[in-house]
Structures are given as C-alpha cells and as structure tokens.
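Peer 1: Task: produce atomic coordinates for the following.
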Amino acid sequence: MATLLILGTCFLVIVAGVYLVRLLRWEKIRKLQHQGKRVLAIVTSVQLECEERGPAEFPLLNYCYYIEAEWTDPQTGNTYLFKSNRLASSPKEYSPGRFVQVLMDPNRPTRYVMELPEYDE
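Peer 2: Below is the predicted model of the structure:
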C-alpha cells in the first residue's frame, strides 16, 4: 500500500511539473503577444542532435532538431540569434535561407519565442 502511495505521489508531481512548464510557456507567449515585436528572421541552420539512452549494449537513440535563425534590426544594426525549442521531427519547411517568424521582447531580446505553428504542442 505504501508503495502505491509513493508511486501515486511521484506521478502527481511529474504531471504537475509538466503542467507548470506548459503554463509558464503559455504565459510567456501571452505576454510577448501583447508587448512583443514580431520579426522575420532568416534560418541559418537546422541542428540535429542525437541522445543515447539506456545500456551500452542496447542503446536507445533519440533524435531531435533545433532551428537556428538570425535577424538584424535595421534601426540599430544589432543582429540577434534565435534558437527554437526542441523539435521531435525534421523541420523540412524551415531549411537555411527560409524565413521564420519570431516574437521577441524589444527591451529584452533574449526573451523570445520562435513561432512554428506546425510544431506547437
């Protein structure tokens, strides 16, 4: 019975953690939608990362992708670099040279979200 209680508590903590992360992300996006600036950044690269899990004899390989893009502010000449969240599949429609929308905080350019409707959760 105690084991079941511990497992149930662990499950609830994990679910609450996932929910909290999503809630914080939605809040960030909501704030950027009201106060942010939408820019059109050029994709510079798509990075593939491979993560190996499990025992060495039978590793489980997980692949993920990241889109990297940049935008130069025409008023200041400052160039900003952006990186997408982790993507589970190859973003073929966002190859280098293509454009992607980024919603950024003009006062804190490190606060941004790359708008990828095809990959929204």
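Peer 1: from here on, contacts and neighbour counts on C-alpha atoms
Peer 2: Will do.
Peer 1: Read off the pLDDT value for the spatially most central residue of the chain.
Peer 2: Residue closest to the mean C-alpha point of the chain, counted by Cα atoms, centre = their mean, is Asn85 at 1.4 Å. On pLDDT, Asn85 comes in at 90.
Peer 1: That one: which element?
Peer 2: Secondary structure assignment for Asn85, by DSSP states H and E: no helix or strand.
Peer 1: mind showing which ranges of the protein have poor pLDDT?
Peer 2: 18-29, 119-121 (pLDDT under 70).
Peer 1: Which parts of it are strands?
Peer 2: With DSSP state E as the definition, the chain shows strands at residue ranges 37-53, 60-72, 79-83, 99-104, 112-115.
Peer 1: same for the last one, what does it pack against?
Peer 2: Applying 3 or more Cα pairs under 8 Å, 6 or more residues apart in numbering; DSSP states H and E, we find strand 112-115 packed against strand 79-83, strand 99-104.
Peer 1: what residues go with each domain of the chain?
Peer 2: Under automatic domain parsing, the residue ranges defining each domain of the chain are 1-35, 37-119.
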